[in-house]
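Asks: build the 3D model from these lines:
(chains A and B, ligands or ions: 2)
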Amino acid sequence: MDVEPILKVTNLTKKFGNLVAVNRASLEVNRGEIVGLIGPNGAGKTTLFNAISGLYRPEEGTVFFKGMNVTNWLPHKICKLGMSRTFQVTRAFTHMTVEDTVRVGAYNRFNEKNVQDKVDQVIKVCDLVDIRKRVCEDLGLASLRKVELARALATEPEMLLLDEAGAGLNATELAVFMDLIKKLNQESQITFCVVEHVMQMVMGLCQRIVVLDSGEIIAAGTPNEISNNARVIEAYLGKRAVHARNQ
Amino acid sequence: MNVKNLFNPRNILILIGVGIALAIPLIFNASQYVMLLMTTVLLYAILASAWNIIGGMAGQLDLAAAAYLGLGAFTTGTLLIRWNITPWVGMFLGGLVATALAMLIGFPLFGFKVKELWYALSSSALVVVLQSLFMMWNEVGGPTEKYLPIGTSPWYSLRFNDYMPYYYLMLIILVVVLLVNRWIRYSKLGYSLLALGEDEDAVEVLGVNSQSSKLKALAIYAFICGVVGGIFASIYGYVHPAFFDTSMSMEIAILGIVGGMGFIYGPALAAIVMVSFREVLRASLGSQLAGLYLAVYAIILIVVALYQPRGIAPLVERGIKKAQTYFVELTRGRRADIKSH
Ligand SMILES: Nc1ncnc2c1ncn2[C@@H]1O[C@H](COP(=O)(O)OP(=O)(O)O)[C@@H](O)[C@H]1O
Ligand SMILES: [Mg+2]
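Replies: Residues are numbered from 1 along each chain as shown, chains lettered A, B, ... in the order given. Ligands and ions are numbered 1, 2, ... in the order given. The predicted model follows:
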């Protein structure tokens, strides 16, 4: 039974002038999976996410989502089809309240009559009840990351791209966040592709890992395979391991 | 309980405001100067409130208010002068003409996500371009004023001898525009625009079409400016390319910013205070310093930017909240007193 992947990227290239940020990258994500996308700083992970979600137009390659060729689609159309995302550097609507922020996303599939129910539901799921009336500029990083996830979740996506959603969180906050993602994956059947630097999160969360280095995909496999892959150790884990040992 | 809720400080303030606004002509009707001043204040309050939709909510620094106002004025004026079509119809057609041009300009600008300085310059250029065009287009504009005929009925030609009817007309439009503001603010469009004003990419990945949302905002704004332009022509009794006034466009934006970006009553409030002040300044300093008020505006703008970057509306809002708690405590306290007796 060969089920079609929910996301299929083939030979995607994105350049900034002379700099090739993503170089002929191919990647598949199956429905229901949590896939990790890792790689050193500047590897092109964010750029790849931007190209998939429609914020950048790739020079080459195609993006298939749910069997549709969505290359060069506008971001809001891709969202309508069922994909949303969060950002590495949180991009909160600073002067809006948590509730209003979530509402922006909820309008994706709901109208004035039933949007409030969706907002309430998402706020509950993401554990934002206590701060729902707070203005985003007053929130700390951990709350902001949850709000970004919540507003994306409110669009009722089938797939979510999370760009370093764990960055800057402490161990407790990270554990809470991981539990939430696992819950969403299991209960709401949302497929995830997560860019992550925090290895604890990648290893604990992902069924499969794709490694990007200098714009190219150098490995893909289970967490176990990846942590034993020589190229990966050299490109990414090696540096980290050396760094960790030195600390 | 509902009745009690009606008498909160906010509603009392609104009631007092409406009461004063309704009573002004009865008190000042003797002075046509004061009536014109008050009508002008309302005109600016309307335009600044309309600007709030595109500038305050959508975050586009629009400087084309006078372009749309002028188009409305020329449409209304020309229809009356040439074909004797009543301004009651003309002003709506003027609104539509303004909207049509706004869509033509807005489509590419929003498509390419033109913002901030670049959008301000492009929209500002529109005013200048239209002024030159209407200066050359002798059939409709030209360097001499084209006068609107009074005809047989002032109600048909909307040409009254005193300012009272214009004043009430403007007051009605202001109330409507404030209600439209309120309706947009608490609908899908309003939430989308407020978010778009903060971070466009982040909103688009939530399924919002930024181009069409902003086009809607621009359309509503341009339509209001166009309609008001029709009344503007009727008040002055002529049309002239000077209606395409860059400094007026700037003034509208300043009122919107000072009033509080995205706050419903802020821009109208700012207009009432600042335009009255401007007129007093003009009356006391005479015409040799005609542009001075813009300098004063600039200083106010800088002070607000430094000390109250979200405009005066949040300040007023906080004041009302404080009054509200005080009010509640007062009624509670009084009840406690009654019980203890
Ligand atoms: N908007 C941009 N303009 C020019 N260069 C960019 C831009 N965004 C990213 N880059 C460059 O592309 C490369 C990949 O960046 P990025 O995708 O952010 O990496 P990562 O997310 O893996 O850390 C880097 O060398 C970065 O400097
Ligand atoms: Mg990145």
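
Asks: for residue B:153, grab phi and psi.
Replies: Reported as degrees, to the nearest 10, the phi and psi values for residue B:153 are phi -120, psi 120.

Asks: got a pLDDT number for it?
Replies: As summarised for this prediction, residue B:153 has a pLDDT of 85.

Asks: then residue A:184?
Replies: At residue A:184, the pLDDT value in this model is 94.

Asks: you'd agree it is up against residue A:190?
Replies: Yes - contact status for residue A:184 versus residue A:190: in contact at 5.0 Å, counting by Cβ atoms under 8 Å. Just so you know, the C-beta spots here come from the backbone N, C-alpha and C atoms, and that holds for glycine as well.

Asks: what touches both of the two?
Replies: Listed as contacting both residue A:184 and residue A:190 by Cβ atoms under 8 Å, 6 or more residues apart in numbering or on different chains are A:153, A:160.

Asks: surely residue A:46 and residue A:215 touch.
Replies: No - counting by Cβ under 8 Å, residue A:46 sits too far from residue A:215 to count as a contact (11.7 Å).

Asks: got the residues of chain A near ligand 1?
Replies: In this structure, chain A approaches ligand 1 at residues A:16, A:19, A:21, A:39, A:41-47, judged by Cβ under 6 Å from any ligand atom.

Asks: ok, for the most centrally placed residue in chain A, nearest residue in space, not its chain neighbours?
Replies: Averaging the C-alpha coordinates of chain A gives a centre point, and the residue nearest to it by Cα atoms, centre = their mean is residue A:162 (1.7 Å). If you skip the residues right next to it in sequence, residue A:162 has residue A:194 as its closest partner in space, 4.4 Å away by Cβ to Cβ, 6 or more residues apart in numbering or on different chains.

Asks: wouldn't residue A:134 be in contact with residue A:98 here?
Replies: Yes - the pair formed by residue A:134 and residue A:98 meets the contact definition of Cβ under 8 Å, at 5.7 Å.

Asks: the two: which is more packed in?
Replies: Taking other Cβ atoms under 10 Å in any protein chain shown, residue A:134 and residue A:98 do not tie; residue A:98 has more neighbours (29 against 15).

Asks: from residue B:142, how far off is the closest residue to the more buried one other than its chain neighbours?
Replies: Nearest-residue entry for residue A:98: residue A:132, 5.0 Å, with adjacent residues in sequence omitted and distances by Cβ to Cβ, 6+ apart. Plainly put, residue A:132 is 59 Å away from residue B:142 if you go by Cβ to Cβ, to the nearest Å.

Asks: same thing with residue B:293?
Replies: Counting by Cβ to Cβ, the gap from residue B:293 to residue B:142 is 29 Å.

Asks: before we move on, which element is residue A:56 in?
Replies: For residue A:56, there is no enclosing helix or strand under DSSP states H and E.

Asks: correct me, but it touches residue A:50?
Replies: Yes - counting by Cβ under 8 Å, residue A:50 is a contact partner of residue A:56 at 4.3 Å.

Asks: so what sits against both of those two?
Replies: residue A:14.

Asks: higher neighbour count, these two?
Replies: Neighbours per residue, other Cβ under 10 Å: of residue A:56 and residue A:50, the larger number sits with residue A:50, 24 against 20.

Asks: how much space between that one and residue A:117?
Replies: Using Cβ to Cβ, we find residue A:50 at a distance of 32 Å from residue A:117.

Asks: next: residue A:81.
Replies: As for residue A:81, its distance to residue A:117 is 23 Å (criterion: Cβ to Cβ).

Asks: ok, those two, which is more surrounded?
Replies: residue A:81 (16 against 11).

Asks: just the buried residues of stretch A:11-27, please?
Replies: By neighbour count with 16 or more other Cβ atoms under 10 Å in any protein chain shown, stretch A:11-27 contains the buried residues A:12-14, A:20-23, A:25, A:27.

Asks: show me the contact partners of it.
Replies: Residues outside stretch A:11-27 that contact it (Cβ under 8 Å, 6+ apart): A:7-10, A:37, A:44, A:47-48, A:50-51, A:56, A:58-63, A:210, A:212, A:214-217, A:220.

Asks: could you rerun that using 7 Å?
Replies: Under the contact criterion Cβ atoms under 7 Å, 6 or more residues apart in numbering or on different chains, stretch A:11-27 has outside partners A:9-10, A:44, A:47-48, A:51, A:56, A:58-61, A:63, A:210, A:212, A:215-217.

Asks: show me those that map onto strands.
Replies: Cross-referencing those with the strands (criterion: DSSP state E) gives A:9-10, A:60-61, A:63, A:210, A:212, A:216-217 as the overlap.

Asks: show me the two of the residues you listed that sit farthest apart.
Replies: Of all pairs drawn from the ones in strands among the contacts of stretch A:11-27, the greatest distance, 18.8 Å, lies between A:60 and A:210 (Cβ to Cβ).
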